[in-house]
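Asks: For reference, the sequence and a predicted model appear below.
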Amino acid sequence: MRIRRDKVKQPRIEMLPLIDIVFLLLVFFIYAMLSMSVHRSQPVQLPSSDSVQIDTNEAITVTLQSQDNGISLFVDAEKIPLNSLTAVLEQKCELRDKKERKVQVYGDKSVSYQDLFQVLDRIKASGIQHISLAAEKLEAKPVQ
């Protein structure tokens, strides 16, 4: 008596579900990286503005925090005194091209106008011409 055996198929690896999963992971990591902020300074309460635009360029960050006895000044999360700001910025700009010398100023809401202008004058004295002031997007209030 002869027993009939069906032909055994070779196992296959299906590529389409594997490709779908790889693309799903790729999209997940792209969105995760886009949501991360490049802000490298101290946390402050930024002023609000209607005309805020997101700047994704690499820049030196200068942060002004309001204190009881004046302001605290940080350059890329490093605390420095106000009178050495020009020297620190010149040192950080030595390795950059002239077009890439940019500073983003993150000033607390409660920092006085005079303190802000002292910092801006010292930034200009270091030879940097591209200065951005950071702000939060002003939330639209519903009309009642």
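Replies: Nice, I can see it. Residues are numbered from 1 along each chain as shown.
Asks: Low-confidence stretches in this structure?
Replies: Applying pLDDT under 70 to the chain flags residues 1, 36-57, 95-99, 140-144.
Asks: ranges for the strands of it?
Replies: In the chain, strands defined by DSSP state E lie at 48-49, 60-67, 70-75, 78-80, 102-107, 130-133, 136-137, listed in chain order.
Asks: Columns mean neighbour count and distance to Ile30 on top of those, output as CSV?
Replies: For glycine as for every other residue, the C-beta is placed from the backbone atoms N, C-alpha and C. Putting the strands of the chain into CSV (neighbours: other C-beta atoms under 10 Å; distance: least, C-beta to C-beta, whole Å) gives the following:
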stretch, mean neighbour count, distance to Ile30
strand 48-49, 12, 29
strand 60-67, 20, 25
strand 70-75, 18, 31
strand 78-80, 13, 31
strand 102-107, 22, 24
strand 130-133, 15, 26
strand 136-137, 12, 23
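Asks: Tell me which of these sits nearest to Val27.
Replies: Ranking those by proximity to Val27 (C-beta to C-beta) places strand 136-137 first, at 25.8 Å.
Asks: For the closest one, name the packing helices and strands.
Replies: Judged by 3 or more C-beta pairs under 8 Å, 6 or more residues apart in numbering; DSSP states H and E, strand 136-137 is in contact with strand 48-49.
Asks: quick one on the thing from earlier: need the strands of the chain in CSV with distance to Gln118, can you?
Replies: Compiled in CSV, the strands of the chain are given as follows (distance: least, C-beta to C-beta, whole Å):
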stretch, distance to Gln118
strand 48-49, 22
strand 60-67, 10
strand 70-75, 9
strand 78-80, 14
strand 102-107, 12
strand 130-133, 14
strand 136-137, 23
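Asks: right, and those strands - which one's nearest Arg12?
Replies: Nearest of these (C-beta to C-beta): strand 136-137, 52.2 Å.
Asks: In the sheet, which strands lie alongside the closest one, parallel or antiparallel?
Replies: Next to strand 136-137 in the sheet, as set by DSSP bridges, lie strand 48-49 (parallel).
Asks: centre of the chain versus the longest helix seen in the chain, how much separation?
Replies: Ranked by number of residues, the top helix in the chain under DSSP state H is helix 15-35. In this view, helix 15-35 has its centroid 23 Å away from the chain centroid, taken as C-alpha atoms, centre = their mean, to the nearest Å.
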